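Q: Please find the sequence and the predicted model below.
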Amino acid sequence: MRMKCCVPFFLFCITALSAFTQDKYTISGYVKDASTGENMIGANVYLKNDVTTGTSTNIYGFYSFTLPAGAYTVVCSYIGYTAHEEKVDLHADVRLNMQLSEGEELEAVEVTAERGDQNVQSTEMGTVEMNIEQIKSIPVLFGEVDILKAIQLLPGVGGAGEGSTGFYVRGGGPDQNLILLDEAVVYNTGHLFGFFSVFNSDAIKNVTLIKGGMPAQYGGRLSSVLDVQMKEGNNQKYEMEGGIGIIASRLTVQGPIVKDKSSFIISGRRTYVDALVKPFLKGGDFEGNGYYFYDLNTKANYVFDDKNRLFLSGYFGRDVFNYSAPDGSLGISIPWGNATTTLRWNHLFNNKLFMNVSAIYNSFDFSVKSAFEDFNFNLYSGIRDWNGKVDMDYYPGSNHKIKFGANYVYHTFIPYSAQGASGDVEFSTDTLSRKYAHENAIYIQDEFDINPVLRLNIGARASYFLQVGPYNDVLYNEENVAYDTVHYGNGDKIADYFGMEPRMNLRWIVSTNSSVKAGITYANQYIHLVSSSTSTLPTDLWIPSSLKVKPQKGWQYSVGYFRNFKDNMFETSVEVYYKQLQNQIEFKDGYVPEIGKDIEESFVFGRGRSYGAEFFLKKAKGKWNGWIGYTLSKTERQFDDLATGDNWFPTKYDRVHDLEIVAVYDLSKRWSFASTFVYATGQATTIVESFYVIGGQLQTDYGPRNGYRLPAYHRLDLSATLNSKEDKKFDSSWNFSIYNVYSRKNPYFIYTTWEGDFAYGAVDVQAKQVSIFPIIPSVTWNFKF
Amino acid sequence: MKRNVALYLLAGVGMMGISSCTTDITLDIPEPELKMVVEGSIEQGLPPIISLTSTVPFYGEVNFNALDNYYLHDADVTVTDGEDTVTLTEFCLNDLPDALLPLVAAYLGIDLDTTGTIPINICLYTVPDIFTGTPAFVGEIGKSYTLQINWNGKTASSTTTLFPPVPMDSMYFKPHPDPENDSLVRLYVHLTEPEPLGNFYRYFTKRNSEAFYAGYQSVFDDNIVNGQSFEFTLDRGYNPTEDFDPDTYGYFWKGDTIILKWASIDFPTYDFFSTLEFDSGTDGPFSSATIAQTNITGGLGIWCAYGSYYDTLYVPY
């Protein structure tokens, strides 16, 4: 069955490859920002007199397309930049590197021949690219620009809770998002329990979110891809930029190492609240507490020649929480964080074949070091990946792209390994709990025009996952007692899974400014996040598929209608989707963490489904711009081994109504204003339904799983930005933000509490709601020179 | 317990200068079906004792003044060990002679009030010959006990097994690490944990004339200590009616006479108490609801057997 699918696909490729003839020539090259030398991702390159013929740059700024011999005017455009035109007399292959200059935004409307209908023309569905400047104009919490909060303002993307960077895409769990920073997986995206993301916006160039119709080059997650690219560094001149906010400050330095050939960027951020509040904690309940986080992003690149470029990028971030009891009896230190390193080599074999090879290391570690009297206890968990990738872009003709590649990852999982010592007695669970796995994938995808109105993007990804030893598989009986251990030696196969993942997107041009698109995606997910929380916590744990834990699998079907109005000033779309998910994971009823026991023993497995409709209206140009997004959706799960049995129950990711409004007003060159409003159906939660008494204490009996809805979430934010007067040497701006303008008490969680003495007959029970962020004004000063 | 973690984390957030706000709310929930709640135990040499109540619905604000209403009266309760069966009789405190009250209070884990009485009318089911001092039906090591309850057409049942006690090697105390708190001591024990894997324990402590109180986290398994000989500390049993004091929590005082009850239990009992004690009544952002895993078919609560080892320690001044 699988082979039958593949045969026509490869026939397509072969036909496509043989379709071009000798009197066609290739125009290829890089598109760069004129002032910084940064590669431009997703810039459009097309013919002036036939805007439907063309292509866009890949994530390294490279493009290529092939045309019959002749004279052409090639246009290169990018939102916010002045379009660039170049006359080409095509009688041989041409290398055409182009540079774009930042345009006068207010005049962007006037740019003629701009192909602004990428949303209608492309086969991509559910894909949003966000420019970092666009993100910076949105109001923020505590003055910290946050890309993970910005994407929650898009339809189909739900926030995990008040102020949280955790997000859910089309009803998928937070672990079903593939979050990449320069191709390295970022496993834990939150600082301070998820209130701030690990992405320092000063170091970020581009953010792409793919909600559905995931291309075959991405794999390993069911719901979405968030692809974040770091800036490369200005290769023209030195620049320093930074900001001072109310909780953190940032500083970025970038510049050429060798002009036009090589550049670097170093960007850092650190919170300093710990230093500010320390004097106030003295003598209080929180004396001895300390908390801070910091991030460091670095990147350097070197252009060897027109065909070879090297990039080295890295990220390192840590949260640190310390506590030492004033009397010295107890000391705790809890550091956690991510580290990533990516080495990439771009190589151009010829005008049509582009290759990128990446070697990536990434890790997330969490540890607790505590000492209480003569008892020492250390807890450690984490995940480490060694990752190798080869990606090829092949451009056989105009409007025709083939991508293929291979990927190998070696995972090491360290779930809660504990070490303790009390006097002379020591114990360690480290060797028991580590897990190792190989994840492999190859993929190919082909995007081409079947005829002038139909464009097909078809692809497949084959993936293979292998869990290997050393590992001790402890077998438990019904009474939770280990009765045997199966020992696996170094490299021994424990469990393996193979998956064939077809992907297809079809676009049909209905009229010059409208199209219908349809997509089918199948994906396997071999690693899973274990979390009993709804927000991003440092204790979140990643585990591999194994004998007991099967890979998550998901189908997604989507159909959309896209239409632009008024010369692409307004972009609109309606997308509907249906998702079927298998092997979803929940903790069993009555889960209690147990040290020394494999966490796999605590799971139950079931299925999920999610469906919905997303409506999007965007005004892309003009003094007034912004968007309105609305999503109507439902997300449910069914688990045989939970008390819910055959019944479907709503997941925590279910938001029936989800509305976002973003409005930006550029008053003048100096002043701009922005406002966001969000509304979402309250989160489904499990609540106490009745009480009973055991051991002289009140105990709680719960109602149905996720059977109660918290009150709806809504909030209005405002911001204003004041830019300094134009100065060639020094730019600065003030950003004033007000979060939660009307101080809505949004529910963060609810709990029940009781007061009084049960044994003496009078106990008052009360449900309480905790809200965390009332109206919060903030101010940030940013500078650049 | 988890709520404490959540609130502690929020306190951490509060350190960042963020003020959180808590408001009373009324939950709009349909009236739930009432369930039968069993709390029963048997111990070697002691008869079975069962308290039978119903759940108390929680809609909005609830007052427990009328707790008496939640005792289930006139139920048919039997316990069998496979050979002998005993039908239990219901006793209510209001019907008992005052002389028995201290005994009953100690058993129930509640303190008498200043007038020497128990302020609410607790009702229990136990063997009819309980006041003879030598009841015929008492727990025996190695036997399994099945409880059967019929009340108002509803039934509940459960079975538990009485495992042999495991003695402590020794029991001693160490002073508080902070010399300023030199009146406080911490209880230590040394245990040689027997093979094979699969032993479960629950402990209680009794301080002077107080009742036996279970620890705040009262159950243990032997997953990481199986077959080992080791020292560990036990928190003082936690009196649910006393206000929580973080400075003295877990400590005993000089001059105390400490009685430790270290009981072998079966897995369902361990599972029940570990889930019960882990649960906090929240389903918040940092945790999810943990449903106490009852071993009662047709109800909530626990029917358990204790194979108890007792040891006494006097802490001199």
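A: Ah, there it is. Numbers count the residues shown, from 1 in each chain, chains lettered A, B, ... in the order given.

Q: Secondary structure element holding A:A441?
A: strand A:435-449 (DSSP states H and E).

Q: After that strand, which helix or strand is next?
A: strand A:454-468.

Q: Could you pull up the residues touching A:I360?
A: By CB atoms under 8 Å, 6 or more residues apart in numbering or on different chains, the contact set of A:I360 is A:E183, A:A184, A:T340, A:T341, A:T342, A:L343, A:D385, A:W386, A:N387, A:G388, A:K389. From N, CA and C alone the C-beta is placed, and that goes for glycine too.

Q: give me phi/psi at the nearest residue to the second one once chain neighbours are set aside?
A: Looking back up the chat, that one is A:A184. Using CB to CB, 6 or more residues apart in numbering or on different chains and skipping residues adjacent in sequence, the residue nearest A:A184 is A:T340, 3.6 Å away. A:T340 adopts backbone torsions of phi -140, psi 150, taken as degrees, to the nearest 10.

Q: tell me the average confidence for the strand holding A:A441?
A: Strand A:435-449 shows a mean pLDDT of 93.

Q: Give the other helices and strands that that strand contacts.
A: Using 3 or more CB pairs under 8 Å, 6 or more residues apart in numbering or on different chains; DSSP states H and E, the elements in contact with strand A:435-449 are helix A:2-18, strand A:400-422, strand A:454-468, strand A:541-544.

Q: Figure out how far it is from the centre of its chain.
A: Relative to its chain's centre, strand A:435-449 lies at 19 Å (CA atoms, centre = their mean, to the nearest Å).

Q: ditto for stretch A:703-719
A: Worked out by CA atoms, centre = their mean, stretch A:703-719 lies 23 Å from the chain centre.

Q: buried residues in that stretch?
A: A:703, A:705-713, A:715-719 (16 or more other CB atoms under 10 Å in any protein chain shown).

Q: Narrow the contacts of A:I360 to just the buried residues.
A: Using 16+ other CB under 10 Å, the buried ones in the contacts of A:I360 are A:E183, A:A184, A:T340, A:T341, A:T342, A:D385, A:N387, A:K389.

Q: Stretch B:137-153 and chain A in contact?
A: No. Stretch B:137-153 stays clear of chain A (CB under 8 Å from any CB of the partner chain), getting no nearer than 13.6 Å.

Q: Likewise for stretch B:30-42?
A: Yes. Judged by CB under 8 Å from any CB, stretch B:30-42 comes into contact with chain A at B:P32, B:L34, B:K35, B:V37, B:E39.

Q: quick one: which of the residues you listed has the most company?
A: Neighbour tally across the residues of stretch B:30-42 next to chain A (other CB atoms under 10 Å in any protein chain shown): the maximum, 27 neighbours, falls on B:V37.

Q: So that one sits against A:I694, correct?
A: Yes. Judged on CB atoms under 8 Å, B:V37 makes contact with A:I694 at a distance of 7.5 Å.

Q: so who does the residue most central in space within chain B touch?
A: The residue lying closest to the centre of chain B (CA atoms, centre = their mean) is B:A214, at 5.4 Å. Contact analysis of B:A214 by CB under 8 Å, 6+ apart lists A:G695, B:G109, B:R202, B:Y203, B:F204, B:G237, B:Y238, B:F273.

Q: which residue sits closest to A:L698, ignoring its sequence neighbours?
A: A:F691 (5.2 Å).

Q: no wait, A:E86
A: That would be A:V74: by CB to CB, 6+ apart, it lies 4.9 Å from A:E86.

Q: So for that neighbour, what's the pLDDT?
A: So A:V74 comes in at 88 (pLDDT).

Q: secondary structure element for it?
A: strand A:70-77.

Q: quick one: strands adjacent to that strand?
A: Partner strands for strand A:70-77, per DSSP bridges, with pairing direction: strand A:44-47 (antiparallel), strand A:84-90 (antiparallel).

Q: Before we move on, what's the pLDDT of residue 1?
A: Since no chain was named, I'll use chain A. For A:M1, pLDDT reads 39.

Q: my bad, the chain I had in mind was chain B
A: For B:M1, pLDDT reads 33.

Q: would you list every one of the helices in the stretch 251-400 of chain A?
A: Remark: helices assigned in the stretch 251-400 of chain A by DSSP state H, counting those that start in this stretch are A:273-281.

Q: what residue ranges in it score low on pLDDT?
A: A:274-289, A:326-329, A:373-374 (pLDDT under 70).

Q: Just say helix, strand or coil for whichever residue of the stretch 101-250 of chain A sits closest to chain B.
A: Nearest residue of the stretch 101-250 of chain A to chain B: A:G161, at 5.4 Å (CB to the nearest CB). For A:G161, the assignment made with DSSP: H, G, I helix; E, B strand; the rest coil gives coil.

Q: my guess is it contacts A:A680, does it?
A: No. Using CB under 8 Å, A:G161 is not in contact with A:A680, being 10.1 Å away.

Q: of the two, who's got more company?
A: A:G161 (25 against 20).

Q: coming back round to it: got the buried ones among the contacts of A:I360 as a markdown table, with distance to B:P177 columns?
A: Output for the buried ones among the contacts of A:I360, formatted as a markdown table (distance: CB to CB, whole Å):
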| residue | distance to B:P177 |
| --- | --- |
| A:E183 | 50 |
| A:A184 | 45 |
| A:T340 | 42 |
| A:T341 | 43 |
| A:T342 | 48 |
| A:D385 | 42 |
| A:N387 | 47 |
| A:K389 | 53 |
